[in-house]
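J.: my questions concern the predicted model and sequence given below.
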Amino acid sequence: MQRPRLGHRLATAPGDVINVFRYTHRALKLVWQTSRVMMLGLALATLVAGVLPAVAAWVGQLIVDGVVAAAERYTDTTDTLDMLAPVLWLVALEGMIIAMIALAQRLLEAQQSLLRARLGQKVNMMILDKAGQLSLPQFEDSEIYDQLTRARREASTRPLSLVNRTFTLSQNLISLASFAVLLVQFSPWALVIIALGALPVFFSEARFSGEAFRLFRWRSPQMREQRYLETLLAREDSIREVKLFGLEPLLRQRYRAIFERLYDEERRLTLRRTLWGFLLGLLGTLTFYAAYGWVVLETVIGALTLGQMTMYLMVFKQSQGALSAGLAAISGMYEDNLYLSNLYEFLELPIEAERGTLAKGAMPGDGLRFENVHFAYPGGVTALHDISLHLRPGESLALVGENGSGKTTLIKLLTRLYQPDSGRILLDGSDLRDWQLTALRRRIGVIFQDFVHYQFPAGENLGVGNIDAFDDEERWREAAHRGLANAFIEQLPQGYRTQLGRWFRNGQELSGGQWQRIALSRAWMREEADILVLDEPTAAMDAAAEAAVFERFRQYSRDRTAIVISHRFSTVRSADVIVVMEHGHIIERGSHDDLLAANGRYATLFRLQAEGYR
Ligand SMILES: Nc1ncnc2c1ncn2[C@@H]1O[C@H](COP(=O)(O)OP(=O)(O)OP(=O)(O)O)[C@@H](O)[C@H]1O
């Protein structure tokens, strides 16, 4: 495995630097859109928290000088309260300023935490929206999957972090400017000393942020693998097999090994970051004490009053704090920008624009045509070669062939989950590409062999088959009747309202065959669909159930085009056309009787299966 190229380059050219910060304004805009009130509140609280410390330092100076002056004037006969009154007022003022700073800080934190929640939700929704727009080939691309995972893991907190840092930076810049006004009166060199102390840490932090980000990117495939192993070890649908095969130790060992490898890199980076942070941080301490000595010296020789000395020391300390906080904010912004680049990379993935506009074909009633269709999966071998076939409305087609011969792929093309590499697929005389996707999908009802077991109530498990009738209980019942699921659903504790699956409270798990009946009924939710496709719908059913299912299927699909994929010839034989596929080619086609008479592949397979039943 390749080690990450850590620390290989930081943005150095001016263009790069600007580029690195290019997401800042987008993050600001995002927060602005999320809540204007809170963003303005944040800005105000930041301003207050930025200006007040300098004011407090200045009042502090007035207090000390006031005390010294009072002490000088003090004699036994003076009215103490009268003399101290101005100083006491100043002390009260200082107390109020400190209270205001505390209030501003609290308000900052409260608004940040509320914004964090809203913004996290917003970014997650953006990611999920985008995920919904990706095409199937994009989903199957592991690079894109990594991008999605990275975006989901880190991106939701980054926009707010960026905004907070922008504000922290402004707050510290304001403080720094106000401190500078005070410090310049002491000496302009004081500013130079402070800057010299803080810059080295800044550069090292920026460098390490870049390295940390590259490490994060480099390890996203491993993180994904780790998550997958977690799923295997902790999900009910896999744990049964994992337990029976005794896979736990092996999987846990893999999980640990990935962690060790990642941890090793992380430890190296953390150690280096800490060491450099400490060494360069010493410089800051050193410059502070140099300045300290200088201020003390000036006071001793009488150039500064005691009050001024107290103020300058405080201002020195606080300017240094403000400068390093400001610089840390900049390097943090750089880091946030790197992570946001991930998010925006994902959000800006090109998606195929919908070009189709047709809601009706050019030749209604022509049915379905495949014309010399070729197709290969991205990066895979050719799965379909030169497929041509024509199905008229009302005709039924059965697809048979060995595993991997291309039957399901043909259906995926028919439903436009993938596009042919060459050739055309026509519905009612118009290319599928020219059809409006929603209009096309409304006409087709498909149940794939790996249909989803939704952890929803039974009725909704049917409702998903037709989003327009999702909640329609009448339609659920009708569909369940057609799919032979009504009998067992009605016996569930809450009938159609019974939660299915084991994930949630009171969930009822179904048998494989019962789930298949649910899936079949789902297909019947699409009353307006005139093309029905069942990809091995009855594999988990007993023979009697299968016979009953197909009896119903024939009854209800009489005026529709029906496509069935099955390995059971008893199911297949009644279809109008049977197509035999092998390695992506159609090798035979015809009715059951034609194919038996031709005595080819179909006849051999049919006899083989019939033998088995004898
Ligand atoms: N998503 C995919 N990406 C890449 N290759 C795929 C993908 N799905 C299927 N294939 C490959 O395409 C070929 C045809 O697969 P397909 O699923 O169409 O076969 P099938 O005839 O439906 O098989 P089965 O009877 O096992 O369901 C196989 O060689 C398979 O490895």
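T.: Structure's in. What do you need?
J.: Thr409: neighbour count?
T.: 20 (other C-beta atoms under 10 Å). Any C-beta I mention is one placed from the backbone N, CA and C, and that applies to glycine too.
J.: neighbouring contacts of the host helix or strand of it?
T.: If you go by DSSP states H and E, Thr409 is part of helix 407-414. For helix 407-414, the surrounding residues in contact (C-beta atoms under 8 Å, 6 or more residues apart in numbering) are 136, 368, 370, 373, 375, 377, 383-384, 387, 399-401, 418-420, 425, 432, 444, 446, 448-449, 531, 533, 535, 563, 565, 581, 584.
J.: the residues you listed in helices, which ones?
T.: Leu136 (DSSP state H).
J.: in ChimeraX, select just the buried ones from the contacts of helix 407-414.
T.: Buried residues within the contacts of helix 407-414, by 16 or more other C-beta atoms under 10 Å, are selected in ChimeraX with:
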select :368,370,373,375,383,384,387,399,400,401,418,420,425,432,444,446,448,449,531,533,535,563,565,581,584
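J.: considering only the contacts of helix 407-414, which also neighbour the ligand?
T.: Among the contacts of helix 407-414, the residues lying close to the ligand (C-beta under 6 Å from any ligand atom) are 377, 383, 401.
J.: ok, the closest residue to the first one other than its chain neighbours - contacts?
T.: In this structure, Tyr377 finds its nearest non-sequential neighbour in Ala383, 5.9 Å apart by C-beta to C-beta, 6 or more residues apart in numbering. When the contact criterion is C-beta under 8 Å, 6+ apart, the partners of Ala383 are 375-377, 406, 409, 584.
J.: ok, now how distant is Ala383 from Pro420?
T.: 11 Å (C-beta to C-beta, to the nearest Å).
J.: common neighbours of the two, please.
T.: Contacts common to Ala383 and Pro420, judged by C-beta under 8 Å, 6+ apart, are Phe375.
J.: which residues does Glu266 contact?
T.: Leu215.
J.: surely Ile578 is in a strand?
T.: Yes - counting by DSSP: H, G, I helix; E, B strand; the rest coil, Ile578 is located in a strand.
J.: model confidence for it, exactly?
T.: For Ile578, the model assigns a pLDDT of 94.
J.: and Arg26, by the same measure?
T.: Taking Arg26 on its own, its pLDDT is 86.
J.: and for Met1?
T.: Value for Met1, per-residue pLDDT: 42.
J.: start the count at 210, not 1, going forward
T.: Understood, numbering begins at 210; the last thing we discussed is Met210.
J.: can you give me the helices in the stretch 660-809 of the chain?
T.: In the stretch 660-809 of the chain, helices defined by DSSP state H, counting those that start in this stretch lie at 667-672, 682-691, 695-699, 721-733, 752-765, 778-781, 801-807, listed in chain order.
J.: and of the ones you listed, who's closest to the ligand?
T.: helix 778-781 (12.9 Å; C-beta to the nearest ligand atom).
J.: in terms of secondary structure, what does that closest one contact?
T.: On a contact count with 3 or more C-beta pairs under 8 Å, 6 or more residues apart in numbering; DSSP states H and E, helix 778-781 meets strand 605-610, helix 752-765, helix 810-822.
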